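# would you be able to build a 3D model of this:
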Amino acid sequence: MDRGCFETAMQGFWTLETLADFRRALEDAVARIRATGREPVSLCDYSGAMVQSQEVVAGFIAMMADPAVRSRRVAVYTGAALTRLQAERANRDHAEFRYFEDRDAALAWLFSPEGA
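Here you go, the predicted model:
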C-alpha cells in the first residue's frame, strides 16, 4: 500500500465466485488507500492467468464500471499474448490501463509523472 499502490495477481481460470472474491478485495484495498487521501494505483500480475470465459470477462467489464474498484492507474504485466489481448479488449474503454511484458516496466510507468 506504500505510495497508494496495491498489487494483484490473476492465476488460472476464474469462476464468477472467484471474481466476486476479487471484487471484495479490490473494494477493500481501494477504500483503505482513499482513506489516506491518496488515489490508488494498481499493479496487476496477469502472467499466471488463463484465457477466461466470456461470462467472467463480462463480469469483469461490469465490475470495472464501478468507481468503488477503480484506480487512477493500472499497470498490467504478462508475457502471454492471448491473455494480454483478452485483458486489453475487456478494458479498452478504460484509459487508466496500460500493458507491459514485465513487472519492472509496469512499475516504471505506474510511478512515472502523469501524461508519460
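# contacts, neighbours, all on C-alpha from now
Will do.
# out of the helices and strands in this protein, which is least certain?
helix 81-90 (a mean of 91; mean pLDDT, DSSP states H and E).
# pLDDT averaged over the next helix or strand after it - what is it?
Downstream of helix 81-90, the next assigned helix or strand under DSSP states H and E is strand 97-100. For strand 97-100, mean pLDDT is 95.
# list the helices and strands the top helix by length along the chain packs on?
Longest helix in the chain by number of residues (criterion: DSSP state H): helix 16-34. The contact analysis (3 or more CA pairs under 8 Å, 6 or more residues apart in numbering; DSSP states H and E) places helix 16-34 against helix 54-64.
# elements contacting the helix or strand following the helix it packs on?
Per DSSP H and E, the first helix or strand lying C-terminal to helix 54-64 is strand 73-77. Secondary-structure packing of strand 73-77 (3+ CA pairs under 8 Å, 6+ apart): strand 41-49, strand 97-100, helix 103-110.
# now do 6 Å
Helices and strands touching strand 73-77, by 3 or more CA pairs under 6 Å, 6 or more residues apart in numbering; DSSP states H and E, are strand 41-49, strand 97-100.
# could you dump that strand to PDB, C-alpha only?
Extracted in PDB, the C-alpha atoms of strand 73-77 (Å, rounded to 0.1, in the frame of the first residue of the first chain):
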ATOM      1  CA  ARG A  73      -3.600   4.000 -13.000                       C
ATOM      2  CA  VAL A  74      -3.500   0.200 -13.600                       C
ATOM      3  CA  ALA A  75      -0.300  -1.400 -14.900                       C
ATOM      4  CA  VAL A  76      -0.900  -5.000 -16.100                       C
ATOM      5  CA  TYR A  77       2.000  -7.300 -17.000                       C
END
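# just checking the distance from that strand to the centre of its chain.
6 Å (CA atoms, centre = their mean, to the nearest Å).
# same check on stretch 107-116?
On CA atoms, centre = their mean, the centre of stretch 107-116 falls 15 Å from that of its chain.
# i'd like the first residue to be 32 from this point on
Taking 32 as the first residue, the last one we looked at is stretch 138-147.
# flag the shaky bits of this protein, pLDDT-wise.
32-33, 146-147 (pLDDT under 70).
# try 90 this time
Under the criterion pLDDT under 90, the flagged ranges of the chain are 32-34, 121-125, 145-147.
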